[in-house]
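Engineer: attaching a predicted model along with its sequence, questions to come.
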Amino acid sequence: MSVLPLLPVTVVGSWPRPAALLRAQKRKVRGEIGEDEFASLADEAVLEVLRLEEAAGADVVSDGEQRRDNFYSFVAEKLDGVRLMTLAEMLEVVEDRQGFERLLQTMDVPAFAISNATCIGKIARRQSLALDELRFLKRHTARAVKIPLPGPYLLTRAMYVLRLSRDAYPTKEDLAEDVVRLLRAEIELLIAEGVDFIQLDEPVLSELVFGQGQTRTFMCAALAARKDPAEELELAVSLINRVVEGFAGTRIGLHVCRGNWSQDESTLLRGSYQPLASYFERLRVRQLVLEYATERAGDLLRFDGKELGLGVVNPQTATIESPDEIRRSIDRALQLYPAEALFLNPDCGFGTFSNRPINQSGVAFQKLRAIADAAQALRGENGR
Ligand SMILES: [Zn+2]
């Protein structure tokens, strides 16, 4: 495992895809090109992301999620019992069609841009979710590698659509049992292959606490009816803890943000992490990867005994944060956390949905470099 410097710089995961790869992705879905042709284009795209992340100064790199169409729906290609459905198809089967239509109008997301991985039968692994990504990365970089995976709560909420899933799983909690098993098996494979950092993405947790009274929310959260937020959060904590149990030797983080589907900040959720704090404290993950560069995230909070992946640049804006600005964010965090517990990252990915990247590759590069420059300066002062 690579030895990390003080204040390691990393990414949350995704990076904007090149146009040729996006075209190939569409052609693959339509069956016009095969897996191999897509894979060779994706390999090239990953190598370019890797080159940029390394040149920018990331200590822990990702593959930019170039092979995925978004951060969770890619599982449809890897699992039996899961089908990728367009929003038009989803509209026919969601529990609350009117509510879903209203949501789509307010979300500022074109319906063609998003597909959903929907559970239509018993789920089972056809291929590993991310072993191919990890192996490719490790062949091409000496740096530590981060693999983002959709968290168990997100995956369950997104995949469970009552009308299509109930024959295999009468309730979403039944599906969650298989999701936990699946993710544990995946984590075992990744650890055996030498992964340095696994990040579980659970952005939808913020929907449970900040979604109240806000008209915008995550598309994937709108599919199945949910119980009251406290009950759902208990479920999420228990699923996440069961997924990570026994893997304390590996750095596993949890990423929570308030949505990353638009550059229009007013369409994204807002609110401090405070209502999630008591749940975060009970999570047995080593690191919380949280957005803090946006003022929508409220004040910085301290979570004892955990590392913080501190969001110091906003992936949605075109302006590059200045070294002073980033430095101030880090200084604030250093009042609550020891330096050894801090990682530095953007608030979220730069290309969460492949068809709707929220930024340009060049801007992503400059933002990542700004973080690395700030880290370098601080390490210099600390003599490390
Ligand atoms: Zn995010």
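Structural biologist: Alright, I've got the coordinates.
Engineer: show me the contacts for the residue most central in space within the chain.
Structural biologist: Geometric centre of the chain, nearest residue: residue 201, 4.0 Å, by CA atoms, centre = their mean. Residue 201 makes contact with 13, 71, 72, 148, 149, 150, 151, 154, 255, according to CB atoms under 8 Å, 6 or more residues apart in numbering. All C-beta spots, glycine's among them, are computed from the backbone N, C-alpha and C.
Engineer: now those in a markdown table, with secondary structure, distance to the ion and neighbour count?
Structural biologist: A markdown table is the format used below for the contacts of residue 201 (DSSP: H, G, I helix; E, B strand; the rest coil; distance: CB to the ion, whole Å; neighbours: other CB atoms under 10 Å):
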| residue | secondary structure | distance to the ion | neighbour count |
| --- | --- | --- | --- |
| 13 | coil | 8 | 26 |
| 71 | coil | 8 | 26 |
| 72 | coil | 11 | 24 |
| 148 | strand | 10 | 26 |
| 149 | strand | 13 | 23 |
| 150 | strand | 12 | 27 |
| 151 | coil | 11 | 28 |
| 154 | helix | 11 | 27 |
| 255 | strand | 6 | 27 |
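Engineer: quick one: mean pLDDT over the helix or strand where residue 85 lies.
Structural biologist: Using DSSP states H and E, residue 85 sits in strand 79-86. For strand 79-86, the mean pLDDT works out to 93.
Engineer: how about the residues of the chain by the ion?
Structural biologist: 203, 257, 260, 348 (CB under 5 Å from the ion).
Engineer: how about those in TSV, adding neighbour count, pLDDT and distance to residue 81?
Structural biologist: Listed next are these as TSV, based on neighbours: other CB atoms under 10 Å; pLDDT from 0 to 100; distance: CB to CB, whole Å:
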residue	neighbour count	pLDDT	distance to residue 81
203	25	88	24
257	25	91	28
260	26	71	28
348	30	94	29
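Engineer: any chance of these in CSV, plus secondary structure?
Structural biologist: Listed next are those as CSV, based on DSSP: H, G, I helix; E, B strand; the rest coil:
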residue, secondary structure
203, coil
257, coil
260, coil
348, coil
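Engineer: which element follows the helix or strand bottoming out on mean pLDDT in the chain toward the C-terminus?
Structural biologist: Ranking every helix and strand in the chain by mean pLDDT, DSSP states H and E puts helix 97-107 at the bottom, with a mean of 70. Where DSSP H and E defines the elements, the next helix or strand beyond helix 97-107 is strand 115-125.
Engineer: what is the orientation angle of that next one with strand 79-86?
Structural biologist: Interaxial angle, strand 115-125 versus strand 79-86 (axes from the mean of the first three to the mean of the last three CA atoms, to 10 degrees): 170 degrees.
Engineer: and the helix or strand just after strand 115-125, what's buried?
Structural biologist: The first helix or strand that comes after strand 115-125 along the chain, using DSSP H and E, is helix 131-140. Within helix 131-140, the residues scored as buried using 16 or more other CB atoms under 10 Å are 131, 133, 134, 136, 137, 140.
Engineer: backbone dihedrals for residue 21, please?
Structural biologist: Note on residue 21: backbone dihedrals following degrees, to the nearest 10 are phi -70, psi -40.
Engineer: about what we covered before: can I get the buried residues of helix 131-140 in TSV including pLDDT?
Structural biologist: Shown next, in TSV, are those (pLDDT from 0 to 100):
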residue	pLDDT
131	98
133	98
134	98
136	98
137	98
140	98
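Engineer: redo those as TSV? Include distance to residue 336.
Structural biologist: Listed next are the buried residues of helix 131-140 as TSV, based on distance: CB to CB, whole Å:
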residue	distance to residue 336
131	36
133	33
134	32
136	37
137	32
140	36
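Engineer: tell me the one of those nearest the ion?
Structural biologist: Of all the buried residues of helix 131-140, residue 133 has the smallest distance to the ion: 18.2 Å, by CB to the ion.
Engineer: isn't residue 75 up against residue 155?
Structural biologist: Yes. Using CB atoms under 8 Å, residue 75 is in contact with residue 155, at 6.9 Å.
Engineer: hey, where'd the helices end up in this protein?
Structural biologist: With DSSP state H applied, the chain shows helices at 19-29, 35-56, 75-78, 87-93, 97-107, 131-140, 152-159, 162-165, 172-192, 204-210, 229-244, 274-282, 323-334, 361-382, listed in chain order.
Engineer: so what's the residue in the stretch 101-250 of the chain that the ion sits nearest to up against?
Structural biologist: The minimum distance from the stretch 101-250 of the chain to the ion, using CB to the ion, falls at residue 203 (4.9 Å). Contact analysis of residue 203 by CB under 8 Å, 6+ apart lists 154, 218, 255, 256, 257, 258, 259, 260, 348.
Engineer: 7 Å instead, please
Structural biologist: Listed by CB atoms under 7 Å, 6 or more residues apart in numbering, the contact partners of residue 203 are 154, 218, 256, 257, 259.
Engineer: if you drop the residues flanking it in sequence, what lies closest to the last one?
Structural biologist: By that I understand residue 259. residue 268 (4.4 Å; CB to CB, 6 or more residues apart in numbering).
Engineer: swap in residue 194?
Structural biologist: Nearest residue to residue 194, sequence neighbours excluded (CB to CB, 6+ apart): residue 138, at 6.3 Å.
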